[in-house]
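Student: Just a sequence and a predicted model for now, questions to come.
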Amino acid sequence: MNVIPFFIGIVFIFLHLMANYLLPAERIKRLIWFSFSGGLAVSYVFVYLLPTLHQEQANIEDKYRALAMESEIYFVGLLGVVVFLGIQLIVRRNDVSHKSSFWVAVAFYTFYNALISFTVLSGDVVGVQALFYSIAIGLHIIAVAHDMYREFPNEYSKKGRYILAGGIVIGWIFALTVELNPLIKAIVFAFISGAMIFNVFKNELPNEKEIHYLTFAIGVFSYTVLTMSLKFFFEW
């Protein structure tokens, strides 16, 4: 039995529960950390997510091509961006109570985590490849947890982090027990990819006043070089 999905699932749960304890307490060190993780996230988008979206579009079976325009998967990714932005606008609306905003955010991010967990743990990647790509997802999870904590510090610490970690468990169980049609899996991957791309560029990159550019560049190029090298030598 492949133990890697179990290991990855446990790590994802741990990161959501302990994210704010893992981040540096000092502001400068924290900004450097986010600059580096933001660099890794941007690299992950360009060297894995976008190529995989292209591959998923190319792999649509002939029986579904009657309605194909060679862009459906990208449209689903775009829908993920639109939905993610809409939820964030609802959470930050002035006419919505703080409590209501919190529960809307928790409901969406729990669903978001379940889709991420399902996509990662039900994928075809295994071994070192799965662990390597999961590093980028793990850093993304920390960024999501930090955003929630920054927006709702008390509520997230007391309730939110446990519910969001539960989303990881739901996706994990679903991945281990349900086998979806390849087209449905591609749609789920495209939707969550769009949401993730939006989140990376909107929330994970520090603004120009806070970013530590050298650290960001190191994150981008180190992850890119490692990914491309592993793809070349192991034919991923």
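Tutor: Okay, I see it.

Student: Distance of Ile32 relative to Ala143?
Tutor: Separation of Ile32 from Ala143 (CB to CB, to the nearest Å) stands at 14 Å. (Glycine included, C-beta is placed from N, CA and C.)

Student: do the same with Val45
Tutor: Computed with CB to CB, the distance linking Val45 and Ala143 is 13 Å.

Student: higher neighbour count, these two?
Tutor: Counting neighbours by other CB atoms under 10 Å for Val45 and for Ala143 shows that Ala143 has the greater number, 21 against 16.

Student: Contact partners for the more buried one?
Tutor: For Ala143, the set of contacting residues under the criterion of CB atoms under 8 Å, 6 or more residues apart in numbering consists of Phe34, Ser37, Gly38, Ala41, Asn199, Asn203, Glu204.

Student: Just the pLDDT at the fourth one, thanks.
Tutor: Among the per-residue scores, Ala41 shows a pLDDT of 89.

Student: Could you do the last one as well?
Tutor: According to the predicted model, the pLDDT of Glu204 comes to 78.

Student: Relative to Ala217, how far out is it?
Tutor: As defined by CB to CB, Glu204 lies at a distance of 15 Å from Ala217.

Student: More neighbours: those two, which one.
Tutor: The residue with more neighbours, out of Glu204 and Ala217, is Glu204; 23 against 13, by other CB under 10 Å.

Student: May I ask you to confirm that that one is in contact with Phe34?
Tutor: Yes. In this structure Glu204 lies within contact range of Phe34 using CB atoms under 8 Å: 7.2 Å.

Student: which residues of this structure fall in helices?
Tutor: Counting by DSSP state H, the chain forms helices over residues 4-22, 27-44, 50-58, 72-91, 98-121, 127-151, 153-155, 161-177, 182-199, 213-234, given from the N-terminal end onward.

Student: Kindly export the fifth one (C-alpha atoms) in CSV.
Tutor: So that's helix 98-121. Coordinates of the C-alpha atoms in helix 98-121 are reproduced here as CSV (Å, rounded to 0.1, in the frame of the first residue of the first chain):
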residue,chain,number,x,y,z
HIS,A,98,-17.9,40.1,11.2
LYS,A,99,-19.5,36.8,12.3
SER,A,100,-21.2,36.2,9.0
SER,A,101,-18.0,37.1,7.1
PHE,A,102,-16.1,34.6,9.2
TRP,A,103,-18.5,31.7,8.5
VAL,A,104,-18.7,32.5,4.8
ALA,A,105,-14.9,32.4,4.6
VAL,A,106,-14.8,29.2,6.7
ALA,A,107,-17.4,27.5,4.5
PHE,A,108,-15.6,28.4,1.3
TYR,A,109,-12.1,27.6,2.5
THR,A,110,-13.2,24.3,3.9
PHE,A,111,-14.6,23.4,0.4
TYR,A,112,-11.4,24.8,-1.2
ASN,A,113,-9.2,22.6,1.1
ALA,A,114,-11.3,19.6,0.3
LEU,A,115,-10.8,20.1,-3.4
ILE,A,116,-7.1,20.7,-3.0
SER,A,117,-6.7,17.6,-0.8
PHE,A,118,-8.7,15.5,-3.3
THR,A,119,-6.8,16.8,-6.3
VAL,A,120,-3.4,16.2,-4.7
LEU,A,121,-4.1,12.8,-3.1
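
Student: Report the mean confidence score over it.
Tutor: Mean per-residue pLDDT for helix 98-121: 90.
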